[in-house]
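1. Build me a structure from this.
(2 chains)
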Amino acid sequence: MKSTQPIKDATGRTGGGAAATLFSPAAIAFIVVAIVVLPVIQRPVVAAEILVLGIAAVAMNLLIGYTGMLSFGQAMFFGISAYITGILVTKAGVSAFVAIPVAVVATGVVAALVGAFCVRRSGLYFICITFAFNQMFYFIAYSWTGMTGGEDGLPGIARPAIIADPISFYVFTAAVFVAALVVLKKIVDSPTGRILQAIRDNPNRAAATGHDVGRYKLVAFTISGTFIGLAGAVFAFIYEIMPVDKIHWLFSGDLVFMTLIGGTGSFIGPVIGAAFYTFLQETVSLFWDRWPMVLGTVFALVVLFFRTGVIGIVEAGYERFWREREKSANP
Amino acid sequence: MEILIASQVLNGFATGMLYALVGVGLTLVLGVLNIPNFAHGTLYAFGAYFTYTAANLTGSFYLGILIGPLLVVLVGFVIESQGVRRLYRAHHDYQLLFLFAIALILQEAVILIWGPVGFSLLPPPILGGAVDLGFVVYPKYRLALILFTTLIVVALYLFLTRTNVGAIVRAGIENREMVSVLGVDINKVFLLTFGLGAYLAGLAGGLSTPIMGLTPSMGLDILPIAFVIVVVAGLGSILGAIASGILIGLAQSLTTIWWPEAANVVIYLLMGLVIILRPQGLFGTR
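-> As a prediction, this is how the structure comes out:
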C-alpha cells in the first residue's frame, strides 16, 4: 500500500506542470477503447456497472494509493448516495438529473462529517472506525424498511425517459465516467494531490513542512466519499434497484480489492480492477452460488503474489522488455 | 416491568460475556500482531458450527464445546502460518487484506459445508429449563454461561499475568520489536496469539449456539460488534475489551426493551460517543 515513489500516470509524469496535458495518449486510448469495447463484450448494463465501479475504484484509490489511508467503510457513501437518489426518485418523484447531484452533495456532507470523526486517528484505528461507521449506516438502511426497503432493497428506481434504453443509458454513464475521471485527475495533479502523496509517504515530514495533515486527510476522505457517492447515485439506475448489500462492509472490501487488483500505484489502474471484479462476478455467479469464494481466493492470491496489481505487472514486464533491449543493444 | 428489566440485564450480561470473549480475542491479535483480524467473525462462526457437528456426532454438548474451539484453533494456525506469516515483510495493510480474503473464503465455506439454512443446538439437559432466582425466573443455560465465561476470563487473566508465556504475550502487545530483540521467537508468539484469539472466538461461537442458534451470517454479524468493542475499549486493553463487551451487551439488551429496532444501531452511537468524548477508548492508554 505504501509506495515511496510518486504515482506515475501513463506518461511517467508525476503530476504538476501547467502546460502538461491531463491524460497521456496511452491513458486516453485506454479510456476510449474501454468505453467502446465494453458494451460489445458485455451487456450494456454490465458495461455501465463496470464504468460506475471504475469511478468508485479510482475515488477509492485517491484515499488508498495517493493518501495512504486504508478505509474499509467507503461502501457507506456508495450506499447513502444510492439510497438518497432512489428515495428522491421513487418517493418524491424528483427527476434523476436533480436527484443525482442532490444525493452526491448530501453524501459529500456526510463524508465530511464522518471524516471529521475518523481522520484524526490513523492506521488500525482508522480502519476500525470507518468499518464501524459503515456498519452503522448498513443497519440504518436495513432497519428503516419504510424508506429503504430494508433487506429487500429499494426497487423501482426508474431511469428518466431520455436515457431509458440500455445504449443511451450507457452513453450517459460513459459521459459521467469521463467527467469524473477528468475532475479526479485534475485533483491528483494539483498541489493538493502532491501533498496527499507526501502525507502517504511520511506524515510527520509533511506536517513538519507546515501542512495541516489532518485537514488534507479530511479533504481526501471527503472527495473520495463524494465521488464514490457519484458512482452510487448512478448505480441506482443500472438495475433500477438499490440492494442493501452494496452498503455492507463486504462491499467496502470489494472496493479496496478492485483498487488493489488494478494497481494502487496508478491513476487509471483501479478501473481495470473494477472490470475484473465485475467480470468475475458476472461469469462465476452464473454457475456457482458460492462465487464469493472464488473472489476471496483471487483476493488472497493478489495479496500474496500480485500486490502491485495488473498495472504493476504490466509495468514490470515493460521495464524488463526495455532492459533486455538495452542489454542486447549494448553488450 | 421490573422483571423484564431484570431479565434483560441478565441477558445483557450473558451476551456481553460472549462479546467480551470475542473482543478479547480480537484485541490480542490486534495488540500483538497489529492486525485487525477480519476473519475473526468467521472463526466465531466456525466455532459454532464445529461445536454443533461435534456435539451431534458425539451426542454430548460438552464434548462439542471441548472439540469445536480446538478445531478453530487449527484453522487459525493454518491461516497464520501459511498466509499471514508470508506477509510480515510487506506492509501490514496486506496482512489485513489477506484476512479479509480469508473471511470471504471461510464465509462461503460455512455455507458450502453446512448449507444455507440455520440450525439450532440444545443445551445439555441439566442446563435446560429455568431456575427461580427470586426476583426473576431465568434460563439455566444463560446463568451457566455467565459463570463459565467468567471462569474463562479469570483463567485467561491468570494465564496472561501469572505465566511466562502470558508475560511474553503482554510484552508483545506493548513492544513487539523488543520482545524479539530479547531473544524470543516472535513467530511462535504470533502463532500462539493468533491461535488464542481463534480459540476465544470459536469458544464464544460454540457457547452462543443454544441462545442464538446457528446461521451462516453469524460470522459477518459479529465482526462489527467486535470492532466496536475494540474501539470503545481502546486498542490493546484486554480488561477494557471485557468491560466494553459487557457494556455493549447490556446496551443492546436494555435498548430492546424500549426501542427494539435501534438495538443494533445503539452500539454505534455508543462508539460515536466514546470517539468524541474519549478518543483513546474508555480504557485505552495509547
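2. Find out how far the longest helix along chain B is from the centre of the chain, if you would.
-> Ordering each helix of chain B by length in residues (DSSP state H) puts helix B:2-33 first. Offset of helix B:2-33 from its chain centre (CA atoms, centre = their mean, to the nearest Å): 8 Å.
3. swap in stretch A:115-129?
-> Taking CA atoms, centre = their mean, one finds the center of stretch A:115-129 at 19 Å from the center of the full chain.
4. Based on its surroundings, how many neighbours for residue 235?
-> With no chain named, the answer covers chain A. 27 (other CB atoms under 10 Å in any protein chain shown). Backbone N, C-alpha and C define where each C-beta goes, glycine included.
5. Hmm, no, I was thinking of chain B.
-> 24.
6. Ok, B:I105 next?
-> Applying other CB under 10 Å, we find 22 residues neighbouring B:I105.
7. can you tell me the helix or strand for it?
-> helix B:92-114 (DSSP states H and E).
8. Could you list every helix and strand that the longest helix of chain B packs against?
-> With contacts taken as 3 or more CB pairs under 8 Å, 6 or more residues apart in numbering or on different chains; DSSP states H and E, helix B:2-33 sits against helix B:40-58, helix B:140-162, helix B:164-174, helix B:186-212, helix B:218-233, helix B:238-258.
9. Now do the longest one against helix B:218-233: the angle between them, please.
-> So the one you mean is helix B:186-212. Comparing the axes of helix B:186-212 and helix B:218-233 via axes from the mean of the first three to the mean of the last three CA atoms, to 10 degrees yields an angle of 110 degrees.
10. Would you mind listing the buried residues in helix B:186-212?
-> B:186, B:189-212 (16 or more other CB atoms under 10 Å in any protein chain shown).
11. now that helix against helix B:164-174, angle please.
-> Using the same axes, to 10 degrees: helix B:186-212 against helix B:164-174 is 100 degrees.
12. just to revisit the earlier point, for the helices and strands packed on helix B:2-33, give me a markdown table that also has distance to chain A.
-> Listed next are the helices and strands packed on helix B:2-33 as a markdown table, based on distance: least, CB to the nearest CB, whole Å:
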| stretch | distance to chain A |
| --- | --- |
| helix B:40-58 | 10 |
| helix B:140-162 | 21 |
| helix B:164-174 | 13 |
| helix B:186-212 | 15 |
| helix B:218-233 | 4 |
| helix B:238-258 | 12 |
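13. confidence score at whichever residue of the stretch 201-331 of chain A sits closest to chain B?
-> Using CB to the nearest CB, the closest approach of the stretch 201-331 of chain A to chain B is made by A:G296 at 3.0 Å. For A:G296, the model assigns a pLDDT of 91.
14. Then B:G172?
-> 80.
15. which ones are touching it?
-> Applying CB atoms under 8 Å, 6 or more residues apart in numbering or on different chains to B:G172 gives the contacts B:G31, B:V32, B:V179, B:I186, B:V189, B:T193.
16. for A:M69, same thing?
-> By CB under 8 Å, 6+ apart, A:M69 lies in contact with A:L63, A:V119, A:S122, A:F126, A:R200, A:K217, A:A220, A:F221.
17. any idea which of those residues is least confident?
-> Per-residue pLDDT puts A:S122 lowest of these, at 73.
18. what's the weakest-modelled helix or strand in chain B?
-> Ranked by mean pLDDT, DSSP states H and E, the weakest helix or strand in chain B is helix B:176-181, scoring a mean of 79.
19. any chance you could map the strands in chain A?
-> All strands of chain A, identified by DSSP state E, fall at A:154-155, A:241-242.
20. How far off centre is the last one?
-> Relative to the chain's own centre, strand A:241-242 is displaced by 19 Å; criterion: CA atoms, centre = their mean.
21. That one pairs with which strands, parallel or anti?
-> strand A:154-155 (antiparallel) (DSSP bridges).
22. Please list the residues outside the partner strand that contact it.
-> Residues from elsewhere that reach strand A:154-155 (CB under 8 Å, 6+ apart): A:Y83, A:G86, A:I87, A:T90, A:T148, A:G149, A:A236, A:E240, A:I241, A:M242.
23. can you rerun that using 7 Å?
-> The contact list for strand A:154-155 (CB atoms under 7 Å, 6 or more residues apart in numbering or on different chains) reads A:Y83, A:G86, A:T90, A:T148, A:G149, A:I241, A:M242.
24. Ok, stretch A:273-287 next?
-> With CB under 7 Å, 6+ apart, stretch A:273-287 has contacts from A:46, A:49-50, A:53-54, A:57, A:254, A:257-262, A:291, A:294-295, A:298, A:309.
25. who are the neighbours of the least confident helix or strand of chain B, in terms of helices and strands?
-> helix B:164-174, helix B:186-212 (3 or more CB pairs under 7 Å, 6 or more residues apart in numbering or on different chains; DSSP states H and E).
26. between the ones you listed, which one is nearest to A:I268?
-> helix B:186-212 (37.5 Å; CB to CB).
27. Next, the angle from the closest one to helix B:140-162.
-> 170 degrees.
28. what does the model give residue 184 for pLDDT?
-> Defaulting to chain A. As predicted, A:L184 sits at a pLDDT of 92.
29. Sorry, I should have been clearer: chain B.
-> pLDDT, B:V184: 80.
30. for the closest residue to it other than its chain neighbours, what are its contacts?
-> Excluding its sequence neighbours, the residue lying closest to B:V184 (CB to CB, 6 or more residues apart in numbering or on different chains) is B:I168, at 5.7 Å. By CB under 7 Å, 6+ apart, B:I168 lies in contact with B:V179, B:V184, B:V189.
31. who touches A:F172 in this structure?
-> A:I163.
32. ok, it to B:G202 distance?
-> 50 Å (CB to CB, to the nearest Å).
33. try A:Y142
-> Distance, A:Y142 to B:G202, using CB to CB: 27 Å.
34. any low-confidence regions in the chain?
-> No chain was given, so I picked chain A. Low-confidence segments of chain A, defined by pLDDT under 70: A:1-21, A:331.
35. ah, I was thinking of chain B
-> Chain B contains residues with pLDDT under 70 at B:285-286.
36. coming back round to it: and the angle from the longest helix of chain B to helix B:238-258?
-> Using the same axes, to 10 degrees: helix B:2-33 against helix B:238-258 is 150 degrees.
37. What residues sit buried inside helix B:2-33?
-> B:7-33.
38. and if you look at stretch A:231-239?
-> A:A231, A:G232, A:A233, A:V234, A:F235, A:A236, A:F237, A:I238.
39. Need the residues that contact it.
-> Contacts to stretch A:231-239, defined as CB under 7 Å, 6+ apart, come from residues A:45, A:48-49, A:52-53, A:55-56, A:77-79, A:81-82, A:85-86, A:96, A:100, A:103-104, A:157, A:159, A:169, A:173, A:176, A:242.
40. Kindly recompute the last result at 8 Å.
-> When contacts are defined by CB under 8 Å, 6+ apart, stretch A:231-239 is touched by residues A:45, A:48-49, A:52-53, A:55-56, A:59, A:77-86, A:89, A:96, A:99-100, A:103-104, A:107, A:154, A:157-159, A:163, A:169, A:173, A:176, A:180, A:242, A:246.
41. Is it possible to mark the buried ones in the residues you listed?
-> Those of the contacts of stretch A:231-239 that meet the buried threshold are A:45, A:48-49, A:52-53, A:55-56, A:59, A:77-86, A:89, A:96, A:99-100, A:103-104, A:107, A:154, A:157, A:159, A:163, A:169, A:173, A:176, A:180, A:242, A:246, by 16+ other CB under 10 Å.
42. Sitting in helices, which of these do you find?
-> Here DSSP H is the test, and the buried ones among the contacts of stretch A:231-239 give A:45, A:48-49, A:52-53, A:55-56, A:59, A:77-86, A:89, A:96, A:99-100, A:103-104, A:107, A:169, A:173, A:176, A:180 as lying in helices.
43. Need the nearest residue in space to the closest residue to chain A within chain B, chain neighbours excluded.
-> Closest approach of chain B to chain A (CB to the nearest CB) occurs at B:L104, with a separation of 3.0 Å. If the residues on either side of it in the chain are set aside, B:L104 comes closest to A:G296, at 3.0 Å by CB to CB, 6+ apart.
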